[in-house]
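>>> Task: produce atomic coordinates for the following.
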Amino acid sequence: MKFCSECAHPVSLQIPPDDNRMRYVCGNCGAIHYQNPKMVIGSIPVWERDGELRVLLCKRAIEPQYGFWTLPAGFMENGETTGAAAQRETEEEAGARIHLHELFSLLNVPHVHQVHLFYRATLLDIDYAAGIESLEVALFTEAEIPWEEIAFPTVEITLRAFFSDLKKIRQEGGHFSLHTQDIFKPMRPGLAPK
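Residues are numbered from 1 along each chain as shown. Presented below is the predicted three-dimensional model:
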């Protein structure tokens, strides 16, 4: 940050009084510009018929990770709830209408200043289509998922936890759990799959 968004004067990094972190502070108007993590919100949209469950994934048409597969997700907008963000992102990226269930995973990604949240969701129909940020959209069983082509660690962790919970529920009963994790590893190199 170079200029104050309040008065347009230059800012400098300093620790404000009664604070313990470096912040951008305007020397003219005194505004302190706090920078906070971004919220990435998405869904795990599923379709189940005849006992076979498939999850909807999007092949990214944008960087980072162009050409890799992901769950429909994106940055939360001001003025919306996390649930509304998950539904909007699913519609924008996958052209899919969903019934939203509970929050399934919350993943802290401090090295990129983000928090990722994924909700379980059921597709209302299979009338989906790639949005402008997706090259294609497809349904996958667990065995069909292109695991080596998953874009982000948060998506892989969420998918593996989802299928692990699903297996336990089918064998022993019970319900899905909320999964939380801190992720410090970077994305895989951004080389598009063949």
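>>> what does the lengthiest helix in the chain rub up against?
Assignment by DSSP state H gives helix 153-172 as the longest helix of the chain. The contact list for helix 153-172 (C-beta atoms under 8 Å, 6 or more residues apart in numbering) reads 40, 44, 53, 55, 69-71, 73, 104-105, 107, 109, 116, 118, 120, 142, 145, 147, 150, 174-177, 179, 181, 183, 185, 187. All C-beta atoms are positioned from the backbone trio N, CA, C, and that covers glycine.
>>> Okay, helices next: where are they in this structure?
In the chain, the segments counted as helices under DSSP H are 82-94, 153-172.
>>> residues contacting the nearest residue to Ala73 once chain neighbours are set aside?
Once flanking residues are discounted, Ala73 sits nearest to Gly42: 2.4 Å by C-beta to C-beta, 6 or more residues apart in numbering. Residues counted as contacts of Gly42 (C-beta under 8 Å, 6+ apart) are 71-74, 86, 89-90, 116-119.
>>> who touches the residue located most distally from the centre of the chain in this structure?
Computed with C-alpha atoms, centre = their mean, the maximum C-alpha offset from the centroid of the chain is found at Asn28, amounting to 37.8 Å. Listed by C-beta under 8 Å, 6+ apart, the contact set of Asn28 reads 4, 7, 9.
>>> just Trp69 next, same as before
Going by C-beta under 8 Å, 6+ apart, Trp69 touches 57-60, 145-146, 149-151, 155.
>>> Save the residues you listed as CSV, and put in neighbour count, pLDDT and distance to Ala94 too.
As requested, these are exported to CSV (neighbours: other C-beta atoms under 10 Å; pLDDT from 0 to 100; distance: C-beta to C-beta, whole Å):
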residue, neighbour count, pLDDT, distance to Ala94
Leu57, 28, 98, 8
Cys58, 30, 98, 5
Lys59, 21, 98, 10
Arg60, 22, 98, 12
Ile145, 18, 98, 15
Pro146, 13, 98, 16
Glu149, 17, 97, 17
Ile150, 23, 97, 16
Ala151, 23, 96, 14
Val155, 23, 98, 14
